[in-house]
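Enquirer: Got a predicted model here, sequence first, then my questions.
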Amino acid sequence: MRLNEIYQTYKDDMDFCCVYIKEAHPEDSVGGYRSERNTKDGIFIDQQTEIEDRAEAAEVCVLRLNLEMPMVLDDMTNQVEEAYIAWPDRMFVVDESGVIQYHSALGPHGFLPDEWEQAIKLQLVS
């Protein structure tokens, strides 16, 4: 997976994390919309209402995607998602001062790992 390649390449030079936010494609269609692809892949996750459920869904995500970078959870008020406008998915590069230096367009169409890697490279040389 391309994200793992990027993570492995730069993990010694910068910190990485994936933030699991509210479910983008919940089976119950609460706060998102059902995905035919998820249904075909046998993924049936309702929108979480408890942090334990969100943690379980994040674990499924990590395992199914074989994601190697650390994953953390957004809280149940969706504080990170709202602050970063990250739904349904988005990639960022944040500098040491906490300033966003890069943000992708909204996913999945704006989820461009090669563009994200270029932003990482720029951050490392600055």
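Expert: Received the coordinates, thanks. Residues are numbered from 1 along each chain as shown.

Enquirer: which residues sit in contact with Tyr20?
Expert: By Cβ atoms under 8 Å, 6 or more residues apart in numbering, the contact set of Tyr20 is 54, 57-58, 61, 71-74. The way it works is simple: take the backbone N, C-alpha and C, and place the C-beta from them, glycine included.

Enquirer: Before we move on, what's the pLDDT of it?
Expert: If you check Tyr20, the pLDDT there is 95.

Enquirer: quick one: the closest residue to it other than its chain neighbours and Gly98, what's the gap?
Expert: Of all residues beyond its chain neighbours, the one nearest Tyr20 is Ala58 (3.7 Å), with distances taken as Cβ to Cβ, 6 or more residues apart in numbering. Going from Ala58 to Gly98 by Cβ to Cβ, to the nearest Å gives 24 Å.

Enquirer: Counting neighbours, go ahead and name the busier of these two.
Expert: Counted by other Cβ atoms under 10 Å, Ala58 and Gly98 do not tie: Ala58 has more neighbours, with 21 against 6.

Enquirer: mind listing what the more buried one touches?
Expert: 20, 71, 73.
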